[in-house]
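Trainee: what would the 3D arrangement of this be:
(4 chains)
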2 protein chains.
Amino acid sequence: MRAGERAYRELRADIVSWRLVPGQVLGEVDLSERLGISRTPVREALSRLTADGLTEPHSGRGVVVSALSADDVRALYELRDTLDCRAAELAAQRGDPETFRALADELSHAAERLSDDPDHPAYYELVDRMDEQIDAAAGNPYLQQALANVRLHLARVRRLATSDPQRLAAAAAEHEAIARAIAHGDAPLAVATTRVHLKNALSKALGSPALAVARPEAS
Amino acid sequence: MRAGERAYRELRADIVSWRLVPGQVLGEVDLSERLGISRTPVREALSRLTADGLTEPHSGRGVVVSALSADDVRALYELRDTLDCRAAELAAQRGDPETFRALADELSHAAERLSDDPDHPAYYELVDRMDEQIDAAAGNPYLQQALANVRLHLARVRRLATSDPQRLAAAAAEHEAIARAIAHGDAPLAVATTRVHLKNALSKALGSPALAVARPEAS
DNA sequence: AACAAGGGCTTTGTATACACACGACGCGCA
DNA sequence: TGCGCGTCGTGTGTATACAAAGCCCTTGTT
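Mentor: Here you go, the predicted structure:
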């Protein structure tokens, strides 16, 4: 794989998983030495990260990992609500019912998977598949790209909240309701169920105590 | 100014103004010679353009200017409707009435400006200012960034349609209605007026005969 | 003691040279 | 004559060297 691509994915994963905390300075020379590559692909990776909004230029001091305050989370969910509801609406109008019926069935007994692994990768893989299907059904590449960017930042928020099995089970039920609404071609219901899910998810995310610690750059 | 920044802006302007047509291959060496800079800043510029969606990687053969079909325009307006209506709604809820009242007053006699210049830069400057004020009033940086990207592609669409003075006058009236709705804090009306404007704008854009010529890469 | 100016150092911005990969063209063989 | 393989060329991917710009620290002055 290209070195720049690998550096980009690695740094992105580090930021999303909070191994790199907000305010952390990312120097080109440091990174090139740590990753064993030259500065050129590192520059490309940092440029892409900044375009994604995960890092910000820091006036002559390279780039730093972006902060993520409670206000950011609220704003992010505000946009997510706008985009996700629209995507669900379009998916209900244009999507293939059978696809979403199958997803709903999988989600209906997703609770069994929740204890399989401490980080619940199987569950999140299922949710990711559902997102992909919604994107495909909506059939709007511009909407898809906007959603991809939101989900990138959202993955960062997700790692803040402790993975509460009870909340995950409820979220699975909410996702199932969304999938069934789309499968029935009921656009208003798809929007409503999506909105319910996002409201609950936001409440959970804002309840995370880690948000107060999320801006340590004031040192 | 930095060479990479200048190259980015120049190429972006060329694409938006259709001086560079879809399918046009952008070679790094060619551009570096034409712009009088080295390949490094050119690479940065092309990377940013691709992130913006204005260019696409062309299977190892550099990047090409993205196509813009009628379906693309429809999808773009679908996303624009989603984002602009939400932004107008938020602006009506959170914005300063006086700011938008002033904008509405300016727009009310914008028809006089329409004959000042063949390309009507004063009018578009006014619309841009209104977009900025809506962004500021919405107070959501993530929404703002998504809107900025949509408007970038939209600027490309705008250059396709012939600037019809009659349509521009109607658009000014529609903008005024939006501004007044926001000034009154009437969120539902702000959404409705925005939707009306977008519907008309899309009809006008799709009526452009240039859309059929917009994909000459099939040579 | 506080502020301002200057110099040094760190870090990014740019240029260039090299390596590699893909595609195209041409040649040879069936 | 058509297909397949090899070689060549073009263009990107990466590395490195050089240049410029910003910040911090020091030092001098008020």
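Trainee: now for the helix ranked longest in chain A, which elements pack on it?
Mentor: With secondary structure taken from DSSP state H, chain A has its longest helix at helix A:70-94. Here helix A:70-94 touches helix A:121-138, helix A:141-158, helix A:165-183, helix A:187-206, helix B:70-94, helix B:141-158, going by 3 or more Cβ pairs under 8 Å, 6 or more residues apart in numbering or on different chains; DSSP states H and E. Placement of C-beta: from N, CA and C, glycine included.
Trainee: swap in 10 Å and give it another go.
Mentor: Judged by 3 or more Cβ pairs under 10 Å, 6 or more residues apart in numbering or on different chains; DSSP states H and E, the packing partners of helix A:70-94 are helix A:97-108, helix A:121-138, helix A:141-158, helix A:165-183, helix A:187-206, helix B:70-94, helix B:121-138, helix B:141-158.
Trainee: buried ones in the shortest one?
Mentor: Using 16 or more other Cβ atoms under 10 Å in any protein chain shown as the test for burial, helix A:97-108 gives A:99-100, A:103-104, A:106-107.
Trainee: can you check the fifth one too?
Mentor: Neighbour-count burial for helix A:187-206, with 16+ other Cβ under 10 Å as criterion, is recorded at A:187, A:189-194, A:197-198, A:201-202, A:204-205.
Trainee: can you list the helices and strands packed on helix A:70-94 in CSV and add mean pLDDT and distance to B:Gly53?
Mentor: Putting the helices and strands packed on helix A:70-94 into CSV (pLDDT from 0 to 100; distance: least, Cβ to Cβ, whole Å) gives the following:
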stretch, mean pLDDT, distance to B:Gly53
helix A:97-108, 96, 27
helix A:121-138, 94, 15
helix A:141-158, 97, 7
helix A:165-183, 94, 27
helix A:187-206, 97, 25
helix B:70-94, 98, 10
helix B:121-138, 94, 19
helix B:141-158, 97, 7
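Trainee: out of these, flag the one nearest A:Asp81.
Mentor: When the helices and strands packed on helix A:70-94 are compared by Cβ to Cβ, helix A:187-206 sits nearest A:Asp81, at 5.1 Å.
Trainee: and which of the buried residues of helix A:187-206 is nearest A:Gly23?
Mentor: For those, the nearest to A:Gly23 is A:Ala205 (20.5 Å; Cβ to Cβ).
Trainee: list the contacts for that closest one?
Mentor: Applying Cβ atoms under 10 Å, 6 or more residues apart in numbering or on different chains, we find A:Ala205 in contact with A:70, A:73-74, A:76-77, A:154, A:157-158, A:160-161, A:211.
Trainee: okay, now the domains of chain A?
Mentor: For chain A, the structural domains run A:3-65, A:70-211, going by automatic domain parsing.
Trainee: nearest to B:Glu112, out of the ones you listed?
Mentor: Distance to B:Glu112, taken as Cβ to Cβ, is lowest for domain A:70-211 among those, at 35.3 Å.
Trainee: straight-line length of that closest one, end to end?
Mentor: End-to-end distance of domain A:70-211: 6 Å, with Cα to Cα, to the nearest Å as the criterion.
Trainee: how far does it sit from its chain's centre?
Mentor: 10 Å (Cα atoms, centre = their mean, to the nearest Å).
Trainee: sorry, back to before: if you rank the contacts of A:Ala205 by neighbours, which is first?
Mentor: Neighbour counts for these (other Cβ atoms under 10 Å in any protein chain shown) peak at A:Val157, which has 24 neighbours.
Trainee: which residues are in contact with that residue?
Mentor: When contacts are counted by Cβ under 10 Å, 6+ apart, A:Val157 touches A:16, A:68, A:72-73, A:76-77, A:80, A:201-202, A:204-206, A:208, A:210-211, A:214.
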